[in-house]
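>>> Okay, structure incoming, though there's no sequence with it:
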């Protein structure tokens, strides 16, 4: 591997609203490597990368890219210099076709200044061939699975001939097979000389794909080194600034609780992506949903919140059966949901942290025209302390927060409407290893208070830590319902892949 530095960021400092978020940070990346940039939420990773990508302007410091000084470059200038940023929240237009997304703002034209769709479609097809994937250039992006949207973003980076690609939490919504495919593509492109900055909270993935690492903590540089010369426990300790036990080994988070009466029941329910689903949930229970991506678990959860329709079956909540259910009716029935894609379905980027926290409550009480801001601030501060939300001010836009803290604001929104049944679809998406433990304990704490919680996740260790039961989905149906003593990764994966007979 070449030892030439493709990127050198020296003494980078940045402040927002008189709060320093980066303090004299150094970051160096070797040409042709996969470099893991690590840190808890709020450590400064995204800010540093947004400075490199031209989204933010640094207050001080120097950036050298391929031997050239990059001085306060715009997004376009950074892209021309060879930098591409594949964000965790994918920047795609669902209402456009694949090739239209790829060429948005850089359309190929005939001499008559009309769109040369034929050339754009061919170029798109060629890029996917280079990546070794089969995606129809004419497909609507809304119809693509998350893993394919991720590959479209990488194709966009290749199209601009990027030499340095930033991957921000690229595996959050991918299953094991999709992660392996993504990593094989990264390794293939790495052999062609492309350099990657890989941002992730998942230690097994970091130690699988990365060559070197750099750790940031509280906006400061902590350490850099070779992956081969460290281990997950040491790196995790660097992230949080103390020695902690691995969450994957720590099953003591779980505590047994006495479940109450049945509060939710599905009787032979079918809908988009799932069919013939029947099960009951008791008050105070924590139920884990899992399965391969596209197994139907997420679709079912969306139907339970009124996002998708039920085509048949009976859905009963607190003794009331719904034939059709809207989101408003779901919230009135004391159901709250954290959707998997917070950028598209949760956060309101033009609103403040405070407004995002109380918007659902205000929607439910729409007949009351006035918002009592002082009371809302008091409630916000209560939830901020409870959820350990790291935010400088309730008046800042929610987009100023890291992904994990945005997720906590959405949890505060549910608590603000006194939701008793919480549907959490991938709730620790983009949340660092230290904060995950907080979320797990919060789930158990809410359950002990009598709330009923359903958690959908592709990560089996998460279910092991909190769930009383695990519902495993396969091809839109329940393949198994496992009690707590039967939940382990091997058993779950056997059911999730139909490698063992159904037990439900």
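Sure thing, it's come through. Keep in mind it's a predicted model, so treat the numbers as computed, not measured.

>>> Next one: the nearest residue to residue 116 once chain neighbours are set aside relative to residue 145, how far apart?
In space, and not counting its chain neighbours, residue 116 is closest to residue 108: 4.4 Å by C-beta to C-beta, 6 or more residues apart in numbering. Bear in mind the C-beta positions are built from the backbone N, C-alpha and C, glycine included. For residue 108, the distance to residue 145 (C-beta to C-beta, to the nearest Å) stands at 27 Å.

>>> Write down the beta-bridge partners of residue 195, one by one.
residue 164 (DSSP bridges).

>>> if I pick it, what's in contact with it?
Applying C-beta atoms under 8 Å, 6 or more residues apart in numbering, we find residue 195 in contact with 6, 7, 29, 30, 31, 32, 33, 34, 35, 163, 164, 165.

>>> And the helices in the stretch 101-250 of the chain, which stretches?
117-131, 146-159, 176-191, 203-209, 232-240 (DSSP state H, counting those that start in this stretch).

>>> what's the angle between the longest one and helix 117-131?
An angle of 100 degrees separates the directions of helix 176-191 and helix 117-131 when computed by axes from the mean of the first three to the mean of the last three C-alpha atoms, to 10 degrees.

>>> by how many degrees do helix 176-191 and helix 146-159 diverge?
10 degrees.

>>> ok now helix 176-191, how far from the chain's centre?
Here helix 176-191 shows a centroid-to-chain-centroid distance of 19 Å under the convention C-alpha atoms, centre = their mean, to the nearest Å.

>>> what residues does it touch?
For helix 176-191, contacts defined as C-beta under 8 Å, 6+ apart pick out 32-34, 131-133, 147, 150-151, 154, 158, 165, 167, 170-171, 174, 196, 198, 205, 208-209, 292-293, 458.

>>> The first one now?
Taking contacts as C-beta under 8 Å, 6+ apart, the residues outside helix 117-131 that touch it are 98-100, 102-103, 107-108, 134-135, 137-138, 151, 154-155, 158-159, 185.

>>> 6 Å - rerun?
Residues from elsewhere that reach helix 117-131 (C-beta atoms under 6 Å, 6 or more residues apart in numbering): 99, 102, 103, 108, 135, 137, 155, 158, 185.

>>> farthest-separated two in those residues?
108 and 185 (24.8 Å; C-beta to C-beta).

>>> before we move on, back to that, from the contacts of residue 195, which is closest to residue 213?
Proximity of those to residue 213 (C-beta to C-beta) peaks at residue 35, which lies at 7.0 Å.

>>> Name the nearest residue to the closest one, sequence neighbours excluded.
residue 29 (4.7 Å).

>>> backbone phi and psi for the one you found, please?
Reported as degrees, to the nearest 10, the phi and psi values for residue 29 are phi -130, psi 130.

>>> ok, it - contacts?
6, 7, 35.

>>> Now tabulate those residues in a markdown table and tack on neighbour count.
Putting the contacts of residue 29 into a markdown table (neighbours: other C-beta atoms under 10 Å) gives the following:
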| residue | neighbour count |
| --- | --- |
| 6 | 23 |
| 7 | 22 |
| 35 | 24 |
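
>>> tell me which of these is nearest to residue 57?
Checking the contacts of residue 29 one by one against residue 57 (C-beta to C-beta), the nearest turns out to be residue 7, at 17.5 Å.

>>> Please report how far that closest one lies from residue 49.
Plainly put, residue 7 is 11 Å away from residue 49 if you go by C-beta to C-beta.

>>> picking that back up, dig out what the residue nearest to residue 35 forms beta bridges with.
residue 7.

>>> Kindly provide the distance from it to residue 139.
Residue 29 is 34 Å from residue 139, by C-beta to C-beta.

>>> what do you get for residue 280?
Distance from residue 280 to residue 139, counting by C-beta to C-beta: 39 Å.

>>> likewise residue 331?
Taking C-beta to C-beta, one finds residue 331 at 34 Å from residue 139.

>>> Look at those two and report which has more neighbours.
The neighbour comparison of residue 331 against residue 139 (other C-beta atoms under 10 Å) goes to residue 331, with 21 against 14.

>>> hmm, back to that, pull out the buried residues from the contacts of helix 176-191.
32-34, 131, 133, 147, 150-151, 154, 158, 165, 167, 170-171, 174, 196, 198, 205, 209, 292-293, 458 (16 or more other C-beta atoms under 10 Å).

>>> quick check, residue 24 in a strand?
Yes: under DSSP: H, G, I helix; E, B strand; the rest coil, residue 24 sits within a strand.

>>> Quick check: pLDDT value at it.
pLDDT recorded at residue 24 is 95.

>>> my guess is it contacts residue 12, does it?
No: using C-beta atoms under 6 Å as the test, residue 24 is too far from residue 12 to be in contact (7.2 Å).

>>> These two: which has the busier surroundings?
Neighbours around residue 24 and residue 12, counted as other C-beta under 10 Å, are more numerous at residue 12. The numbers are 24 against 14.

>>> ok, now how distant is the residue lying closest to that one once chain neighbours are set aside from residue 21?
Using C-beta to C-beta, 6+ apart and skipping the chain neighbours, the partner closest in space to residue 12 is residue 61 (3.8 Å). Residue 61 sits 13 Å away from residue 21, going by C-beta to C-beta.
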